[in-house]
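**Q** Can you look at this prediction? I've put the sequence above it.
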Amino acid sequence: MITNKAKYYQQHENISSLIDLHEKYIENILLNNGTNSFSEYDFTSLISKESSINLEKLVQLSQKITKERFGSTIQIFAPLYLSNECQNICTYCGFSLSNKIPRKTLTDNEILQEIEVLKSFGFDAVLLVTGEHDKRVGIDYLINAVQIVKQHFSQVSIEVQPLETDDYIKLKNAGVYSVLVYQETYNKNVYKQTHPKGKKANFEYRLATPDRIGAAEMYKIGLGVLFGLSDDWRTEAIELANHLSQLQKKYWQSKFSISFPRLRPFEGEFEPKAHLSEKELLQLICAFRICFPDVELSLSTRERPAFRDIAIECGITSMSAGSKTEPGGYSNSEALKQFEIHDERTPQQIAAMIQSKNYEVVWKDWDSVLI
C-alpha cells in the first residue's frame, strides 16, 4: 500500500528539491504557530530527521502553545504500586510471570501506610498501579483500594489490567478520575513476540481498551507506547498519534493524556531494539504539543533529572515525583521494582526545581467539592 506521503515523494525525483520542499513545509507550520487540527502528514513531518535541524524553533513553538493552553503550571503526582502479581509473560517487564521474584499485594492497612507517607510529601494526586492478575487484583480489590485512597486524595487515577466497560463505570463511580492503558507497541508482530502468554497476549483486546474506557465516559484517558520494544520509534509515534486523534473525535467528552516511557533496566534480559535519544524524545514531545494543543503530556521518573528539567519548558505539563515502583515502596518494602527510576529527587526537590523556573507546582487540578 502506497501512502499519500510516499506518492508525494515519488513525484519528486530530485532529492535536494524534495528536501527543500519538506523544509519549507515545516517552516510553514512554524510560521503559522502550529496546526489547527491534527494531520498525519504534519505530525510525520515534525518528527522526521529533517525536522531535527529546526528543534530550537519546535521547542519555542511548543513552549508558546503550552503556556497559552496550560499557563506556567506543572502538575506532579505519585504512582502508588498496589501489587506486583501478574499472570502475563512480558519479556521486558520486571513483574512478568516468568520472573521468579517475591510477590506482594498490599492489604488495606499497608495501603494506608503508603497513603500516610505520600500525604506527608504534599501529594493530592495519585496513580494506582498493579500487575495484571484478575484474581489477586480483580475488580473487587480495585474498587476497595480506590475507595480507601479516595478518602485522602482529590484525584485518583489507575493503571491496571484492561477491563470491561461496566467495570470502568464501577471504578468511575468509586472515584477514579482517569485510566491509563499503554498499548506498549502498535506493531502486531513485535507485540506477539513480547507478550507470549497471558490475557495481555490478545493484541486486539488491549487495542480496544481505550474505547471501553471512553464508553464508560471516564474523565480522562491516558495513552502511550513503550519506546524500545519496536525498532522504529517514528512509526510507533505515528500510530499513537492516529489512535489519539480517532479517540478524541469519538469520545470528545473525555480529556486525554500522552506519556513517553522508554525502556529502563529491570529483572530480565530484554534489550531495547531501538534507542530513542533525548534529542529525539524532545522533538517528539514538541510534535505532540503542536499537533494536539490541549492534550496533557506526561514524563515519568524513568528519565534523568537534567532532561526532565528541560522538558517542563518544552511541552510537558505533568510529571511523577519521588516515585517508588514496588508495592509498599514508600513505607519500606523489599518487593521487586517494576523498573529502575532515573530521577531520584524527592517531591520537595522537584517542586523547588519547577518553582525556580517560574512555573507553578500543581498538586491537584480540581477540587473534590466540584464533583
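**A** Yes, it's here. None of these values were measured; they are calculated from a predicted model.

**Q** May I see the buried residues of stretch 90-107?
**A** Neighbour counts over stretch 90-107 (16 or more other CB atoms under 10 Å) mark 90, 92, 93, 94, 95, 96, 97, 99, 103, 104, 105, 106 as buried. Any C-beta I mention is one placed from the backbone N, CA and C, and that applies to glycine too.

**Q** Out of those, which is nearest to residue 238?
**A** Top of the list for closeness to residue 238, among the buried residues of stretch 90-107 and by CB to CB, is residue 92 at 21.5 Å.

**Q** Quick check: the closest one is in a helix.
**A** No - Residue 92 sits outside any helix when classified using DSSP: H, G, I helix; E, B strand; the rest coil, being coil.

**Q** Could you measure from it over to residue 342?
**A** Taking CB to CB, to the nearest Å as the measure, residue 92 falls 17 Å from residue 342.

**Q** do residue 144 as well
**A** Using CB to CB, which is the criterion applied here, residue 144 is 33 Å from residue 342.

**Q** What of residue 62?
**A** For residue 62, the distance to residue 342 - CB to CB - is 23 Å.

**Q** Of all the residues in stretch 276-286, which ones are buried?
**A** So for stretch 276-286, counting by 16+ other CB under 10 Å, buried means 276, 280, 281, 282, 283, 284, 285, 286.

**Q** List of residues touching it?
**A** 46-47, 51-52, 55, 58-59, 61-62, 227-228, 233, 237, 260, 262, 297, 299, 303, 307, 310-311, 314-316 (CB atoms under 8 Å, 6 or more residues apart in numbering).

**Q** now those: which count as buried?
**A** Buried, going by 16+ other CB under 10 Å: 46-47, 51, 58-59, 61-62, 227-228, 233, 237, 260, 262, 297, 299, 303, 311, 314-316, out of the contacts of stretch 276-286.

**Q** how about the residue positioned nearest the centre of the chain, phi and psi?
**A** In the chain, the residue lying closest to the centroid (CA atoms, centre = their mean) is residue 259, at 2.1 Å. In terms of degrees, to the nearest 10, the main-chain angles of residue 259 are phi -110, psi 160.

**Q** repeat for residue 308
**A** phi -60, psi -40.

**Q** Which pLDDT does the model give it?
**A** At residue 308, the model reports a pLDDT of 96.

**Q** so it makes contact with residue 343?
**A** Yes - here residue 308 reaches residue 343: they are 5.6 Å apart, a contact under CB atoms under 8 Å.

**Q** got any residues that touch both of those two?
**A** Common neighbours of residue 308 and residue 343 (CB under 8 Å, 6+ apart) are residue 301.

**Q** low-confidence ranges in this protein?
**A** Low-confidence segments of the chain (pLDDT under 70): 1-23, 33-37, 264-273, 333-340, 365-371.

**Q** how does it look with 80?
**A** 1-38, 264-274, 332-341, 364-371 (pLDDT under 80).

**Q** Tell me where the longest strand sits in it.
**A** strand 73-83 (DSSP state E).

**Q** Could you check how far it is from the centre of its chain?
**A** Its chain's average C-alpha position is 12 Å from that of strand 73-83, according to CA atoms, centre = their mean, to the nearest Å.

**Q** That one packs against which elements?
**A** helix 108-121, strand 125-130, strand 155-159, strand 318-320, helix 347-356, strand 360-362 (3 or more CB pairs under 8 Å, 6 or more residues apart in numbering; DSSP states H and E).

**Q** Isn't residue 85 up against residue 136?
**A** Yes - if you go by CB under 8 Å, residue 85 and residue 136 touch, sitting 4.5 Å apart.

**Q** Keeping just the C-alphas, turn stretch 241-254 into CSV.
**A** The C-alpha trace of stretch 241-254 is given here as CSV (Å, rounded to 0.1, in the frame of the first residue of the first chain):
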residue,chain,number,x,y,z
ALA,A,241,-1.0,10.0,17.3
ASN,A,242,-3.5,8.4,14.9
HIS,A,243,-5.1,6.4,17.7
LEU,A,244,-5.3,9.6,19.9
SER,A,245,-6.9,11.5,17.0
GLN,A,246,-9.5,8.9,16.4
LEU,A,247,-10.4,8.6,20.1
GLN,A,248,-10.7,12.4,20.5
LYS,A,249,-13.3,12.5,17.8
LYS,A,250,-15.3,9.6,19.2
TYR,A,251,-15.0,10.4,22.9
TRP,A,252,-15.0,14.2,22.8
GLN,A,253,-16.3,14.4,26.4
SER,A,254,-13.1,13.0,27.8
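
**Q** Buried residues in it, which are they?
**A** 241, 243, 244, 245, 247, 248, 251, 254.

**Q** which non-adjacent residue is nearest the second one?
**A** Looking back up the chat, that one is residue 243. In space, and not counting its chain neighbours, residue 243 is closest to residue 223: 6.5 Å by CB to CB, 6 or more residues apart in numbering.

**Q** now the angle between strand 125-130 and the one helix or strand residue 177 maps to, please.
**A** Taking DSSP states H and E as the criterion, residue 177 maps to strand 176-180. Between the axes of strand 176-180 and strand 125-130, defined by axes from the mean of the first three to the mean of the last three CA atoms, to 10 degrees, the angle is 50 degrees.

**Q** Name the residues that touch whatever helix or strand comes next after strand 176-180?
**A** Next along the chain after strand 176-180, taking DSSP H and E as the criterion, comes helix 188-194. For helix 188-194, the external contacting residues (CB under 8 Å, 6+ apart) are 90, 91, 92, 184, 185, 201, 203, 229, 230, 270, 273.

**Q** Return the very next helix or strand once past helix 188-194 as CSV; C-alpha atoms alone will do.
**A** Using DSSP H and E, the next helix or strand after helix 188-194 towards the C-terminus is helix 203-207. Extracted in CSV, the C-alpha atoms of helix 203-207 (Å, rounded to 0.1, in the frame of the first residue of the first chain):
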residue,chain,number,x,y,z
PHE,A,203,-3.5,-7.6,20.9
GLU,A,204,-6.9,-6.6,19.7
TYR,A,205,-8.5,-6.7,23.1
ARG,A,206,-5.8,-4.3,24.5
LEU,A,207,-6.1,-2.1,21.5
